[in-house]
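Peer 1: From the sequence below, what's the structure:
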Amino acid sequence: MADETPDPTRVPGAPHPRDTTQLIGQDKAEAAFLDAFTTGRLHHAWLITGPRGVGKATLAWRIARFLLATPDPDPDDMFGAPFPTVLDVSPDHPIARRITANAEPGLKSVHRTENEKTKRLRDQITIDDIRALSGFFQLSATDGGRRVVIIDAADDMNVNAANALLKMLEEPPARTTLLLICHQPSRLLPTIRSRCRTLRLGPLDAAQMGTAMANAGVDPGPDGAALAELSAGSVGEAMRLSLLDGLKTYTEVVALLDTMPNLDRARALALAEAAGARGAEVKLDLLYTLIDVALSRLARTGAGHPPTVEAARNEAAIFARLCASQGHARAWADTAQTALARARHGRAVNLDPPALVLDTLFKLSATAPPR
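Peer 2: Numbers count the residues shown, from 1 in each chain. Below you'll find the model as predicted:
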C-alpha cells in the first residue's frame, strides 16, 4: 500500500500530485515515455528532472497510473488493441480509484518521513526508507503484476540511502519501474544517474501556468503575468506565491530596496517581525526566496537584462538606480551570495528569525550606491 505520510513537497492548499490528472506543457516528456513503452524499450528506472514545480511529481503519478492500468503492448500483434497515445487513465478505472485512495498495492511512494522521537519531518530520506522497498518487492511479487516506486525527491537521499538504492538499480526487481523525481541531478551519485533514463521537464509559459493553476483550483486573476515572471515558469512556485500572498511580500521587498542605502528601519522591522513570528516558518521561507529573486533580477539589470515584466510597482526604475552597471551587478551578486549564506547558517543554528531578516536587509543596504 502506498505510504500515507503526507508528501513533504506538496504545496499547502494545492492538490496532491496523485490527484492532478492533467499535466500541462510537458508533451515532449510524455511522448518520450510512451515511445519507450510501446516499442518494448521500457527502462526499469527513470530520472524525472527539471526545475521545482513544473510537473515532475504529476508526471510520475501519471506514469504510475498508466503502467499499473495498461497491459503490456505486443509489437508483433498486428490485430491487437491500438497502442496508447496518451498517459491518461480514466478516474473510474479501479487502479485510479485505488491510487486516489492511497490503497494500490502495486505502488510505493518514498519521501522524507517523520522522526518518531521528535515528531518532526526529517530533512533526508534515510536508508530505512529505501530498505523498506525490499519488503514491498517481496510481498507483492507473487501475482506477476507490475510494481512502481516513486521517490520524491531523490535529491533528499542521504549517502547511505543513495548507496542502498544503487544496489537495487544494479539488480532491478522483475517487472518493476522506479521513478526518481529529481530537482538537482548533480546532487545524485553519477552511478545512479547512469542507470536511469532521463526525462527532462522545462518551465511553463504564462498561458500554460494559468491553465495549470486553474486546473488546481487557483485563480491567478490579473496577477498571472507577475506570478509567471517571479516563479520562472514553475507552476508550483506560482501557486505558493498566490496562496501565501507572495506578490504583496515581493512588492514590500522592492519598496525596501528603494529606500536603500538609507534603509527604512521601521518598515524593515515590520517585515522582519511578520515573517519571523513564531509558527511563520513558511512565510520566512517565502521571504528569503523572494529576496533571492529580487537580488537576481537586480543583478541582471546591471548586466543589461532588466525585467521584461514588472512584478512590483516601479521595479524597473528602482533596479536601474540601484544597479546601473556591470560593476554594481557583480557587487549585488556577491552580497546576495554572502548574505543569503549567512541567513541559511543562522536558520540552521536557530538564531532569532526577525534578527536574521534585519541582518540580511542591513547587509543589502550597505551595498546600495548613494543616491
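
Peer 1: where in the chain is pLDDT low?
Peer 2: For the chain, residues meeting the criterion pLDDT under 70 lie at 1-13, 74-81, 139-144, 279.

Peer 1: so the residue positioned nearest the centre of it, which of the three states?
Peer 2: Taking C-alpha atoms, centre = their mean, the centroid of the chain lies closest to R52, which sits 2.7 Å from it. For R52, the reduced secondary structure class is coil; criterion used: DSSP: H, G, I helix; E, B strand; the rest coil.

Peer 1: Same question for H43.
Peer 2: H43 carries the three-state label coil when classified by three-state DSSP.

Peer 1: is it true that it touches A36?
Peer 2: Yes. With contact defined as C-beta atoms under 8 Å, H43 and A36 form a contacting pair (6.5 Å). For glycine as for every other residue, the C-beta is placed from the backbone atoms N, C-alpha and C.

Peer 1: Please enumerate the shared neighbours of those two.
Peer 2: Counting by C-beta atoms under 8 Å, 6 or more residues apart in numbering, the common neighbours of H43 and A36 are R197.

Peer 1: picking that back up, and the gap between the residue nearest to the centre of the chain and P203?
Peer 2: According to C-beta to C-beta, to the nearest Å, R52 stands 10 Å off from P203.

Peer 1: residues bridging contact with these two, i.e. touching both?
Peer 2: Here R52 and P203 have S234 as joint contacts, going by C-beta under 8 Å, 6+ apart.

Peer 1: quick one: the helices in the stretch 51-200 of the chain?
Peer 2: Taking DSSP state H, counting those that start in this stretch to define them, one finds helices in the stretch 51-200 of the chain at 56-69, 94-100, 127-139, 159-170, 190-194.

Peer 1: Can you list the neighbours in contact with stretch 192-208?
Peer 2: 24-26, 29, 32-33, 36, 43, 45-51, 54-56, 59, 154, 162, 165-166, 169-170, 178, 180, 185, 212, 224-225, 228, 232-235.

Peer 1: Look at P190 and say how many residues are nearby.
Peer 2: P190 has 9 neighbouring residues, counting by other C-beta atoms under 10 Å.

Peer 1: Ok, K167 next?
Peer 2: The criterion is other C-beta under 10 Å. On that basis, K167 has 10 neighbouring residues.

Peer 1: likewise A225?
Peer 2: A225: 16 surrounding residues under other C-beta under 10 Å.

Peer 1: And it, how close does it get to A207?
Peer 2: 10 Å.
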